[in-house]
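*Asks:* kindly generate the corresponding structure for this input.
(4 chains)
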Protein chains: 4
Amino acid sequence: MESESRRAFMQQTLAVSLLAAAATGDARASEGTPAAPAPAFELAINPKPLPFDPRSLHGISERLIVSHWENNYSGAVKALNAIRGRLAAASADANTPPYLYNGLKREQLLRTGSVVYHEYYFGNLGGSGTAGAKLRSLIARSFGSYDAWEAEFRKIGNGLAGGSGWAVLAWNPTLRLLENYWLADHGHGSTASVPILVMDMYEHAYQMDYGAAAAKYIDAFFSSVQWEVVEARLAAISA
Amino acid sequence: MESESRRAFMQQTLAVSLLAAAATGDARASEGTPAAPAPAFELAINPKPLPFDPRSLHGISERLIVSHWENNYSGAVKALNAIRGRLAAASADANTPPYLYNGLKREQLLRTGSVVYHEYYFGNLGGSGTAGAKLRSLIARSFGSYDAWEAEFRKIGNGLAGGSGWAVLAWNPTLRLLENYWLADHGHGSTASVPILVMDMYEHAYQMDYGAAAAKYIDAFFSSVQWEVVEARLAAISA
Amino acid sequence: MESESRRAFMQQTLAVSLLAAAATGDARASEGTPAAPAPAFELAINPKPLPFDPRSLHGISERLIVSHWENNYSGAVKALNAIRGRLAAASADANTPPYLYNGLKREQLLRTGSVVYHEYYFGNLGGSGTAGAKLRSLIARSFGSYDAWEAEFRKIGNGLAGGSGWAVLAWNPTLRLLENYWLADHGHGSTASVPILVMDMYEHAYQMDYGAAAAKYIDAFFSSVQWEVVEARLAAISA
Amino acid sequence: MESESRRAFMQQTLAVSLLAAAATGDARASEGTPAAPAPAFELAINPKPLPFDPRSLHGISERLIVSHWENNYSGAVKALNAIRGRLAAASADANTPPYLYNGLKREQLLRTGSVVYHEYYFGNLGGSGTAGAKLRSLIARSFGSYDAWEAEFRKIGNGLAGGSGWAVLAWNPTLRLLENYWLADHGHGSTASVPILVMDMYEHAYQMDYGAAAAKYIDAFFSSVQWEVVEARLAAISA
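*Replies:* This next block holds a predicted model:
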C-alpha cells in the first residue's frame, strides 16, 4: 500500500508542479496555444491494477473482485474515455445546444465518479481490518467514539441493501469534521469533502458471493480494510 | 478576501491540530468517552456573513443577493441544524430501520451541500472579474486555453437555464486536472474533487433581476468574480 | 375547459383507433415496413397555447405566466424535438455504445417530463379555485378529508420552496388511491400513476411575482385552480 | 395470467365504484368524517404472490426469482408500510418542518415505486416470450417496426448493465405514443405514462445467475415475457 499513500502525496506534488510550470512559462501551459493538448477534453486513462492480491481478501472471493475490476471499474474507464471523445466533438460543433452538451457533461460526471470512487474503494482494501490507535482517536473526535462511527457507517451501508450507491467517510473542510455519507450514484458527492474510506454498495460488490445478504458483505469489507491507506489519506489532506 | 484565503489555509491547520490533539492524548478525542461531544451529530452552525458589501456586485442587485443569503443560504443552515437533531434522535432509537435513517442522511447530504456550495459561491463573489495571469495559465494547462475553459463554463451554466443546479470548476486530484462540472442538486458532487470556483444556477440566483434571461446573469457573475480567492483556494490545495 | 376534458377522452379514443388500425391491416401500422414513419423517433410537436387568458389568473401575473410559457415550456418543446433528432441519428449509428445512447434517453425523459407536466399544470389553471362537492368527496375518500389532502399538498409545496420540482395529486391504479407526491425533477414520476392536479414548484413559477415567498404563490395557485379539469381527468381514468 | 388482466380491469372498476360511492353518499367517503380511515396515510399492504411457478422461467433460476421476491420486493412492501406509519406521525406533529416531511415523502415515492414496478415486472413474466400479431402491430405503429422497438428496448437495458434501474415500455397519453424509457431509480417515472412492459435492471435481477453478463439476462427476460398480460394492459388503458 506504500504506492497508494505515495500517490496521495503525489497528487499534491503534481499540483505544485503545475504552479511551478506556470511560473517558469512552460510552453504547454501558456495561453494562446490552442493546439496544445487540453487534458480536460482529451485525456485518455488506463485502468489501475488492483493494489492487492485478489485472493487475499477476507470474505470477498477472487472471482467477484476480479469481475468487479474487469467489468465495472474497467468498463467505467473505457466509458469515460469514450465520453471525452464525444465532448471534444460536441465542443467543436457550434450546433450543439447547451442542454445537449450538458447531457454529455452529466455522463462525464457519472463515469468520472465511477472511476474515482472505485479507485478509492480498491485502494482501501487488502488490509488487516484493524484501525490504528491514532486514526481511531481522530475518528472518535468527530463521532464521539470510534464505535459510534462504525455503527453509523454500517447502518448506512445496510440501508443501501438491495439498491445501489456508495458509503463514504470523508473530511469536510468547511465544517471541519469527518462525516459519513451515502451517495445514491456516481454523480453524487460528499459536498466538497475528501473521501478517506469508501465502501461500494452496488450489488455487483456482493451479490456473486452473498446474494441479497448485504450485511455479510459489510462484515467482509470491514475485515479487509487497509487502514494504513485511510490514515495516509487523512494525513495527506492535513500535511 | 484575505480572510477567505486564510480560512482555506486554516482548514488544513485544523486537521493538523486534530492530529496533534490525538497524539497528545487530548481527552475529548480519546475513545471510550462516549459522553464527549460528537460534532458529527450535534454540531450547530451559524450562517457566515456575506464576505462583501451587498451593494458592490456588478449586475447582481442588493435586493437579490440579500434575499439569496437570507432565504436560501440561511434557510439551509437552519435546516441542517434541525436535521442533525433528528439524526441524533434516530441514532438513539433502535426502532429506526436503516432505510429510514438513510432518508435523514440524504437530507443531511442535501442541506450540507447547500450550505457548503453557497459559502463557496458567496466566497468567490465581490471581486473585479479579472483573473490573474498565473491562474489563467494554470487553467489553460488543463483546458488548452483560458478562453476554452470560460467557454465551457458558460455553456454548462446556460444549459441549466430554467432549471436548477451548480456550475463548478474543481481540482480533481485523482485525474490531476482542473475540470468543469454541473451538479443537478446540492447532493451531487464533483467526484472527490475540490471546488475552486462555484456559480449558483438555481433560479433564485437570477430570476429577481433577470427573469428567465440566465445568460445575462452569467455575464454579471463573471464581472463579479473574486479571482484572488479562487487562486488562493487552488494554492491551498497544492501548498 | 371543455376541450381539456375532451382531450382526455380522446387519448382513449386514439388508443382504440390504434387497435382498430391494427385489426384492419392499416399499412402504416404493419410490421416489415421500416420506411413508415416511426413517431417514437421522429415526432415533432408544437407548444400548445395557454388554455386561459393570461391576464385572468388570481395572483399570478401575465408577465410571469407568459414568460413561463415562452421560456420554460416552449423551450422544453424545442429541446424535446432536438433530442428526437439526436436519438434518430444515434440509433442509426452502430458506433454509439448503449451507455451513450442512454444519455440521450435520459434527456428525452427529462424533456418529455417537462413538456407533459407543464401541459398538466397550465391545463389545471384558469379556474375559480373552488372544488366541486363530488370531487371533494372522492379526495376525502383517500385522505380522510378534503382538508387533510389540501394540508399535505400545501406542505409538500412549501417543502420545495427555494428548490425545484413538482407537486402532484395522482391516481395510483395499483394501490387504488389518490396520493400526493413531489417530484425532484422532470424525470421523476408518481410511480405509474396518472396525475390529476399538478403544481409547478420551480422558482420560475413564482420568483418574478413573489421572490422567495413561495407560500404566497401556493395561495395564488389554489385561487386559480380549474377544478372542472381535475374532475374530468379523474373521470377519464375511471370511465 | 387471467387474474392479472382481470386486475387491470378491476382498477378501473374500483375507480367507478369510488364515483358511485360518492354519489350515493357512502359514509366513509363523505367529508367531515376525519375519523374515517385515510388510506393514503394508513394503508398497509401485503406482498402479492408471484403470478407464475418460480421454476417455470426460461433462463432465470428459481433461487434468484424467489430471492428477488422475498428480499427486494417484499422488503419494499415492508418498508412502504413502515414509512406510512412515520408519515402519519409526522402529519400529526406540528413541529415537523415541510422539508423534513418531504424527506419522508421522497421515501414514500421511492418505496411505492419499488412495490409498483416490481408488481409490473413479475406480472409480465411467466410466458412464452412470443408477442401476438396484434400487439406487434401496435408496437410497430409507434416504433416503425416491432424489431426497431425491441432493438431500442434491449439497448437501454444493456446501457444499464453494472448499474441499476428499470427499462419500461409505456403508453404516453399526452403524446399518444408507446415509448421506451429507462428510469434511474424507483422514484423516476415515465412522465405520466402507463407502463405495459417492465424489465428490472437492478443487479439483483441477474447477478446471481449471470454475474456481470447482463445481456444474457436480457435474453432470458425476453424468453419469459408473458405477452398476453402486456396486451391486456394496453387494452385496459384504451378500453
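
*Asks:* in what helix or strand does the most centrally placed residue in chain A lie?
*Replies:* What sits nearest the mean C-alpha location of chain A, by C-alpha atoms, centre = their mean, is A:Tyr117, with 2.3 Å. Secondary structure from DSSP states H and E places A:Tyr117 in helix A:98-123.

*Asks:* report how many residues lie close to whichever residue of chain A sits closest to chain B.
*Replies:* For chain A, the residue closest to chain B is A:Gly189, as judged by C-beta to the nearest C-beta, at 1.3 Å. Bear in mind the C-beta positions are built from the backbone N, C-alpha and C, glycine included. Close neighbours of A:Gly189, defined as other C-beta atoms under 10 Å in any protein chain shown, add up to 31.

*Asks:* hmm, it is touching B:Ser190, no?
*Replies:* Yes: in this structure, A:Gly189 is within contact of B:Ser190 by C-beta atoms under 8 Å, at 6.1 Å.

*Asks:* hang on, the earlier thing: Provide a list of residues in contact with the residue of chain A closest to chain B.
*Replies:* Listed by C-beta atoms under 8 Å, 6 or more residues apart in numbering or on different chains, the contact partners of A:Gly189 are A:Gly113, A:Leu183, B:Leu183, B:Gly187, B:His188, B:Gly189, B:Ser190, B:Thr191, B:Ala192.

*Asks:* quick check: the gap between A:Leu87 and A:Phe41.
*Replies:* Counting by C-beta to C-beta, to the nearest Å, the gap from A:Leu87 to A:Phe41 is 6 Å.

*Asks:* local confidence estimate at the closest residue to A:Pro97 other than its chain neighbours?
*Replies:* Nearest residue to A:Pro97, sequence neighbours excluded (C-beta to C-beta, 6 or more residues apart in numbering or on different chains): C:Ala82, at 6.4 Å. At C:Ala82, the model reports a pLDDT of 95.

*Asks:* and C:Ala82, which of the three is it?
*Replies:* What DSSP: H, G, I helix; E, B strand; the rest coil gives for C:Ala82 is helix.

*Asks:* list residues touching both of A:Gly189 and B:Ser190?
*Replies:* Common neighbours of A:Gly189 and B:Ser190 (C-beta under 8 Å, 6+ apart) are B:Leu183.

*Asks:* could you say what helices and strands the strand or helix carrying A:Glu228 packs with?
*Replies:* Assigned by DSSP H and E, A:Glu228 belongs to helix A:227-238. If you count contacts as 3 or more C-beta pairs under 8 Å, 6 or more residues apart in numbering or on different chains; DSSP states H and E, helix A:227-238 packs onto helix A:2-23, helix A:133-143, strand A:166-172, strand A:194-200, helix B:2-23.

*Asks:* can you name every helix or strand that the helix or strand hosting A:Val77 contacts?
*Replies:* Assessed by DSSP H and E, A:Val77 sits inside helix A:74-92. Applying 3+ C-beta pairs under 8 Å, 6+ apart, one finds that helix A:74-92 contacts helix A:39-42, helix A:98-123, helix B:146-159, helix C:98-123.

*Asks:* give me the angle between it and helix B:146-159.
*Replies:* For helix A:74-92 against helix B:146-159, the angle by axes from the mean of the first three to the mean of the last three C-alpha atoms, to 10 degrees is 100 degrees.

*Asks:* now helix A:74-92: how far from the chain's centre is it?
*Replies:* 19 Å (C-alpha atoms, centre = their mean, to the nearest Å).

*Asks:* pull out the buried residues from it.
*Replies:* A:74-84, A:86-87, A:90-91 (16 or more other C-beta atoms under 10 Å in any protein chain shown).

*Asks:* of those residues, closest to A:Glu179?
*Replies:* Nearest to A:Glu179, judged by C-beta to C-beta, of these is A:Ala76 at 25.2 Å.

*Asks:* list the contacts for that closest one?
*Replies:* Contacts of A:Ala76 (C-beta under 8 Å, 6+ apart): A:Arg111, A:Ser114, A:Val115, A:His118, A:His186.

*Asks:* next one: A:Gly59
*Replies:* By C-beta under 8 Å, 6+ apart, the contact list for A:Gly59 reads A:Asp209, A:Lys216, A:Tyr217, A:Asp219, A:Ala220, A:Ser223, A:Ser224.

*Asks:* still on that earlier bit, give me the buried subset of the contacts of A:Gly189.
*Replies:* A:Gly113, A:Leu183, B:Leu183, B:Gly187, B:His188, B:Gly189, B:Ser190, B:Thr191, B:Ala192.

*Asks:* from those, which land in helices?
*Replies:* Within these, residues falling in helices by DSSP state H are A:Gly113.

*Asks:* of all the buried ones among the contacts of A:Gly189, which two lie farthest apart?
*Replies:* Largest pairwise distance in the buried ones among the contacts of A:Gly189, by C-beta to C-beta, is 14.6 Å, between B:Gly187 and B:Ala192.

*Asks:* got the helices and strands packed on helix A:74-92 as a markdown table, with distance to chain D and mean pLDDT columns?
*Replies:* Below are those laid out as a markdown table (distance: least, C-beta to the nearest C-beta, whole Å; pLDDT from 0 to 100):
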| stretch | distance to chain D | mean pLDDT |
| --- | --- | --- |
| helix A:39-42 | 23 | 78 |
| helix A:98-123 | 9 | 96 |
| helix B:146-159 | 19 | 97 |
| helix C:98-123 | 3 | 96 |
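
*Asks:* export these to TSV and append columns for distance to C:Ala236.
*Replies:* Converted to TSV, the helices and strands packed on helix A:74-92 look like this (distance: least, C-beta to C-beta, whole Å):
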stretch	distance to C:Ala236
helix A:39-42	50
helix A:98-123	32
helix B:146-159	36
helix C:98-123	12
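
*Asks:* tell me which of the contacts of A:Gly189 is nearest to chain C?
*Replies:* B:Gly187 (9.7 Å).

*Asks:* phi first, then psi, for that closest one.
*Replies:* Dihedral pair for B:Gly187: phi -90, psi -10, per degrees, to the nearest 10.

*Asks:* in contact with it, which residues?
*Replies:* For B:Gly187, the contact set (C-beta under 8 Å, 6+ apart) comprises A:Leu183, A:Ala184, A:His188, A:Gly189, A:Thr191, B:Arg106, B:Leu109, B:Leu110, B:Gly113.

*Asks:* likewise A:Pro54?
*Replies:* By C-beta under 8 Å, 6+ apart, the contact list for A:Pro54 reads A:Glu62, A:Ile65, A:Val66, A:Trp69.

*Asks:* list buried residues within those.
*Replies:* Using 16+ other C-beta under 10 Å, the buried ones in the contacts of A:Pro54 are A:Ile65, A:Trp69.

*Asks:* closest one of the contacts of A:Pro54 to chain C?
*Replies:* The nearest member of the contacts of A:Pro54 to chain C, counting by C-beta to the nearest C-beta, is A:Trp69 at 18.3 Å.

*Asks:* ok, that closest one - contacts?
*Replies:* The neighbourhood of A:Trp69, defined by C-beta under 8 Å, 6+ apart, consists of A:Pro47, A:Leu50, A:Pro54, A:Phe122.

*Asks:* thanks again, I'm all set now.
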